[in-house]
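Undergrad: okay, structure incoming, though there's no sequence with it:
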């Protein structure tokens with residue numbers, strides 16, 4: 001009897017392997033195993049995306065706000081979760097069914113060489129951990145299938161498992177040339193990684209960690225852009241079209257955000273994409289500013305960088321700088337910059353520039369509402385009333401929904417800005433027909449003012465008050481209409497009481513009625529105390545709205561009439577700083593500078609007045625308080641100052 005040496009290494013395992021080699025099982029070919037593994041990755045890919053998505057989102061948010069530790073935590077948590085999913089997939093399925101889906105498709109099975117038995121759970125878990133480790137080093141240990149006698153990569157040797165095939169012919173142990181091939185592959189692959197993929201992956205990883213992009217809830221493309229894209233010239237890219245439509249008010253922030261997200265997530269780091277993302281996050285100023293900062297870092301020569309710099313000037317109130325830069329570069333600019341320029345030039349009273357830019361825009365139906373509205377407004381502002389009326393009626397017929405009501409409201413309020421004009425009925429008829437007691441629209445400033453002017457000029461205050469009975473008791477609209485009703489019935493004190501109530505909460509751009517009430521109060525009171533109250537509130541107000549400008553203009557006219565030129569000048573200076581296109585404020589400024597010997601400054605103010613007058617026959621800002629006074633003391637004094645300045649400077 002021959003006894004087995006208990007100290008001989010791996011005696012039982014060698015017998016088991018010899019038993020396996022004598023069994024009917026056939027070794028799996030390495031390329032069959034590779035194909036099976038790729039198929040398994042296809043099954044895993046959707047699951048990996050679902051599992052890792054929330055961690056990816058949160059890590060990007062954290063990096064955006066420079067919370068490095070929190071971002072690293074989410075990345076680590078995501079990687080650990082993915083590792084668990086990977087291990088469970090390659091451990092539980094082979095343990096229960098003998099093979100993964102990929103191996104089933106390729107006719108392969110994983111077995112234990114000990115008596116050719118089924119895998120134990122511990123073996124299956126150990127094997128899947130080994131596969132994960134091999135993937136971490138770019139799969140190099142998988143080449144062991146070309147070197148091991150039983151064609152086992154590292155993970156099979158660690159778990160003591162073998163992959164067999166149910167449909168291939170017998171495959172012998174690796175030959176010498178296979179081993180040399182594997183060794184050469186090890187060396188070549190390692191050199192390839194060092195020379196090419198290591199720098200590439202490092203840069204990709206660095207970009208991933210510093211990517212300033214937070215995805216929206218839905219990264220699909222915007223349907224509105226899809227619908228309108230075919231009518232645009234092919235020279236305009238998809239995101240350029242989206243930006244132009246957004247600037248024209250044809251799409252909202254969500255639509256623009258989707259387009260920006262799509263480009264950023266497709267891997268294209270574009271200055272325009274960051275600019276679009278900044279605009280789409282206008283409700284989150286701090287986050288929007290971060291994207292604006294990124295625009296010029298990506299491409300400081302791009303038109304997107306040019307517009308982002310203009311946005312900074314807009315926010316700082318540097319209107320002259322914005323105007324000069326736009327005039328210099330607007331002809332070579334993209335369509336979306338031209339649309340923004342139209343908006344700026346219109347508010348700046350450069351109506352000739354507005355007309356030229358409107359003609360240069362693409363003839364796209366999706367821009368029809370924008371171009372027709374601004375063409376009507378420009379004609380009206382230039383004093384071409386007959387042409388403006390024709391354009392207005394044509395636009396109202398072709399515009400839809402809110403755009404039509406908004407244009408009708410603007411036209412009515414502008415035509416009656418100084419009070420009830422002679423052509424009130426023709427200018428407000430369309431608004432009256434379209435409004436039809438739609439009280440929800442009164443949140444819009446233009447619509448609210450048009451409603452009030454229509455009510456006041458049509459002398460329908462009592463009937464409108466009756467309609468508003470359902471509004472809450474403290475409604476500001478009711479207070480204002482009640483004050484008008486009291487004025488119409490000769491109850492001045494009661495009217496002033498209601499107006500004081502509206503103004504008592506302070507002037508606020510979100511409450512346009514506070515300015516309208518202050519103007520009414522100013523027109524109907526002779527009390528110095530009331531005037532000082534309104535003046536003090538206006539001084540504390542930091543808004544830049546047209547209503548703030550109108551009230552300020554009424555105040556400087558009152559101060560000028562009372563002989564307080566210095567106080568009038570201080571308020572005029574404040575107006576031109578925030579609203580630098582007000583003719584009356586520049587006149588007060590020039591008068592004060594002329595009186596104090598600042599002749600060069602007075603001449604500059606005079607040239608600015610002439611520039612405004614050339615752009616519009618209406619002038620930039622004649623307040624409701626002035627009510628077309630032909631003998632306004634500011635105009636009388638200005639005419640004398642202007643004659644003297646021309647003698648001195650106009651050669």
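TA: Received, thanks. Keep in mind that what you see is a predicted model, and the values were worked out from it rather than measured.

Undergrad: distance of the spatially most central residue of the chain from residue 526?
TA: In the chain, the residue lying closest to the centroid (Cα atoms, centre = their mean) is residue 280, at 1.1 Å. Distance, residue 280 to residue 526, using Cβ to Cβ, to the nearest Å: 51 Å. C-betas here are computed from N, CA, C, even on glycine.

Undergrad: average pLDDT across the longest helix along the chain?
TA: Counting residues, the longest helix found in the chain (DSSP state H) is helix 30-64. What helix 30-64 shows for mean pLDDT is 77.

Undergrad: again, but for stretch 527-538
TA: Mean per-residue pLDDT for stretch 527-538: 84.

Undergrad: list of residues touching that stretch?
TA: The set of residues external to stretch 527-538 that reach it, using Cβ atoms under 8 Å, 6 or more residues apart in numbering, is 496, 500, 503, 506-507, 518, 521-522, 525, 548, 551-552, 555, 558, 571.

Undergrad: report the buried members of these.
TA: Those of the contacts of stretch 527-538 that meet the buried threshold are 496, 500, 503, 507, 518, 521-522, 525, 548, 551-552, 555, 558, 571, by 16 or more other Cβ atoms under 10 Å.

Undergrad: in CSV: these, plus secondary structure and distance to residue 339.
TA: Output for the buried ones among the contacts of stretch 527-538, formatted as CSV (DSSP: H, G, I helix; E, B strand; the rest coil; distance: Cβ to Cβ, whole Å):
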residue, secondary structure, distance to residue 339
496, helix, 45
500, helix, 43
503, helix, 37
507, coil, 32
518, helix, 34
521, helix, 39
522, helix, 37
525, coil, 44
548, helix, 26
551, helix, 30
552, helix, 30
555, helix, 35
558, helix, 39
571, helix, 34
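
Undergrad: which one of these is nearest residue 239?
TA: When the buried ones among the contacts of stretch 527-538 are compared for distance to residue 239 (Cβ to Cβ), residue 548 comes out closest, at 36.0 Å.

Undergrad: doesn't residue 542 make contact with that closest one?
TA: No. Applying Cβ atoms under 8 Å, one finds residue 548 not in contact with residue 542, separated by 9.0 Å.

Undergrad: still on that earlier bit, tell me who's in contact with the nearest residue to the residue nearest to the centre of the chain once chain neighbours are set aside.
TA: Leaving aside its chain neighbours, residue 280 sits nearest to residue 257 (3.5 Å; criterion: Cβ to Cβ, 6 or more residues apart in numbering). By Cβ under 8 Å, 6+ apart, the residues touching residue 257 are 216, 276-277, 280-281.

Undergrad: show the pLDDT at residue 257.
TA: pLDDT for residue 257: 86.

Undergrad: please, which helix or strand holds it?
TA: In the assignment (DSSP states H and E), residue 257 maps to helix 253-265.

Undergrad: so after that helix, what's the next helix or strand?
TA: That would be, after helix 253-265 and using DSSP H and E, helix 271-280.

Undergrad: list the contacts of that following helix.
TA: For helix 271-280, contacts defined as Cβ under 8 Å, 6+ apart pick out 212-213, 237, 239-240, 242-243, 246, 253-254, 256-257, 259-261, 263-264, 288-289, 291-292, 294-296, 298-299, 302, 304-305, 307-308.

Undergrad: what do you get for stretch 37-49?
TA: 82, 85-86, 89-90, 100-103, 105-106.

Undergrad: what do you get for stretch 334-354?
TA: Applying Cβ under 8 Å, 6+ apart, the set of residues contacting stretch 334-354 is 236, 240, 243-244, 246-248, 303, 306-307, 310, 314, 319, 322-323, 326-327, 330, 333, 357-358, 360-362, 367, 370, 374, 377-378, 381-382, 580-581, 612, 615-616, 620.

Undergrad: now residue 248: how far from residue 372?
TA: When residue 248 is compared with residue 372 (using Cβ to Cβ), they lie 11 Å apart.

Undergrad: between these two, who's got more neighbours?
TA: residue 248 (24 against 20; other Cβ atoms under 10 Å).

Undergrad: can you pull the contacts of the more buried one?
TA: So residue 248 contacts 339, 366-367, 369-370 (Cβ under 8 Å, 6+ apart).

Undergrad: grab the nearest non-local neighbour of it.
TA: Distance criterion Cβ to Cβ, 6+ apart; nearest residue to residue 248, sequence neighbours excluded, is residue 370 at 3.8 Å.

Undergrad: what about the strands in the chain?
TA: 26-27, 108-111, 162-165 (DSSP state E).

Undergrad: residue 395: which of those is closest?
TA: When those are compared by Cβ to Cβ, strand 108-111 sits nearest residue 395, at 72.0 Å.

Undergrad: which strands or helices does the closest one pack on?
TA: Here strand 108-111 touches helix 30-64, strand 162-165, going by 3 or more Cβ pairs under 8 Å, 6 or more residues apart in numbering; DSSP states H and E.

Undergrad: can you put those in a markdown table and add mean neighbour count?
TA: Converted to a markdown table, these look like this (neighbours: other Cβ atoms under 10 Å):
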| stretch | mean neighbour count |
| --- | --- |
| helix 30-64 | 16 |
| strand 162-165 | 23 |
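
Undergrad: out of those, which comes closest to residue 404?
TA: When these are compared (using Cβ to Cβ), the closest one is helix 30-64, at 40.6 Å.

Undergrad: and which of the contacts of residue 248 is nearest to residue 406?
TA: Distances from residue 406 to the contacts of residue 248, taken by Cβ to Cβ, are shortest for residue 369, at 9.7 Å.

Undergrad: give the closest residue to that closest one in space, chain neighbours not counted.
TA: Setting aside the residues directly before and after it, residue 369 is nearest to residue 403 in space (Cβ to Cβ, 6+ apart), at 4.9 Å.

Undergrad: quick one on the thing from earlier: distance between the helix holding residue 257 and the chain's centre?
TA: Mean-position distance between helix 253-265 and its chain equals 8 Å (Cα atoms, centre = their mean, to the nearest Å).

Undergrad: quick one: buried residues of that helix?
TA: Buried residues in helix 253-265, counted by 16+ other Cβ under 10 Å: 255-264.

Undergrad: need the residues you listed in TSV (columns: distance to residue 478).
TA: Below are the buried residues of helix 253-265 laid out as TSV (distance: Cβ to Cβ, whole Å):
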residue	distance to residue 478
255	38
256	39
257	39
258	42
259	44
260	44
261	45
262	48
263	50
264	49
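
Undergrad: and the two most separated of these?
TA: 255 and 264 (15.3 Å).

Undergrad: what is the mean pLDDT for stretch 596-604?
TA: Stretch 596-604 shows a mean pLDDT of 87.

Undergrad: and the contacts of that stretch?
TA: With Cβ under 8 Å, 6+ apart as the test, stretch 596-604 has contacts from 590-591, 593-594, 641, 645, 648-649.

Undergrad: ditto for stretch 566-575
TA: Stretch 566-575 has contacts (Cβ under 8 Å, 6+ apart) with 538-539, 549, 552-553, 555-557, 559-560, 582, 584-586, 588-589, 591-592.

Undergrad: give me that answer again for 6 Å
TA: Stretch 566-575 is contacted by residues 552, 555-556, 559-560, 582, 585, 588-589, 592 when judged by Cβ atoms under 6 Å, 6 or more residues apart in numbering.
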